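> quick one, structure for this:
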Amino acid sequence: MTMIKRASLFSIITLVSILIDQATKWYAAEFLPKFKMTSYLADTLRIGYAENTGAFLGLGSGLSDSTKFWIFVCAVGVILLALLVYIFKTKSQPINGIAALSLIFSGGISNFYDRATNNGAVIDFLNLGIGSFRTGIFNVADMAIMLGVFILLFVKTEDGKQNAH
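Numbers count the residues shown, from 1 in each chain. Now for the predicted structure:
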């Protein structure tokens, strides 16, 4: 894939993903009840504003502020930068590999932006489940990351080979 096609695909996926994520977080912050979930679809879906000071689904939220800064700002920043370099340096990635990595990058950078502008917290607002079997509270950026990981792990390339290396 040429560099122009790679950059175009990356740019479109990243911009659309970040715009959707940030728009839904803005809506959650402006219009959803704070720290209270409202139930829909026979309690399968719960929606409400929450702030997550940890990683995905709240992991690490109990760490000290200093540790969270080093992990969620410094380390994540380095990982995102390395991922960006990898996306543009690796010539062997198929189109769905670039799409998957772009989704992972866009979700990561959008949550990274939240931490930088929201005192280290990420805005979350969605929860799925049946009865007591529930996900943690998450956002669109988390869905982009999980979709990217799913594509890398399970989607086959055009030649029938597994996408992951």
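> ok, longest helix in this protein?
The longest helix of the chain (DSSP state H) is helix 3-31.
> hey, which helix or strand in the chain has the poorest pLDDT?
helix 65-68 (a mean of 86; mean pLDDT, DSSP states H and E).
> hey, where'd the helices end up in the protein?
3-31, 65-68, 76-89, 95-117, 140-154.
> out of these, deepest packed?
Across these, averaging neighbours per residue (mean count of other C-beta atoms under 10 Å) puts helix 95-117 on top, at a mean of 21. C-beta coordinates here come from the backbone N, C-alpha and C atoms, glycine included.
> so which elements touch that helix?
Taking 3 or more C-beta pairs under 8 Å, 6 or more residues apart in numbering; DSSP states H and E as contact, the helices and strands that helix 95-117 lies on are helix 3-31, helix 76-89, strand 122-130, helix 140-154.
> export those as a markdown table, with columns for mean pLDDT.
Listed next are those as a markdown table, based on pLDDT from 0 to 100:
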| stretch | mean pLDDT |
| --- | --- |
| helix 3-31 | 96 |
| helix 76-89 | 95 |
| strand 122-130 | 95 |
| helix 140-154 | 96 |
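> out of those, which is closest to Thr44?
strand 122-130 (6.3 Å; C-beta to C-beta).
> next, the angle from that closest one to helix 3-31.
80 degrees (axes from the mean of the first three to the mean of the last three C-alpha atoms, to 10 degrees).
> elements contacting strand 122-130?
Against strand 122-130 (3+ C-beta pairs under 8 Å, 6+ apart) you get helix 3-31, strand 45-52, helix 95-117.
> can you put these in TSV and add distance to Tyr86?
Below are the helices and strands packed on strand 122-130 laid out as TSV (distance: least, C-beta to C-beta, whole Å):
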stretch	distance to Tyr86
helix 3-31	11
strand 45-52	26
helix 95-117	7
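> which one of the ones you listed lies nearest to Val149?
Comparing these by C-beta to C-beta, helix 95-117 comes nearest, at 6.6 Å.
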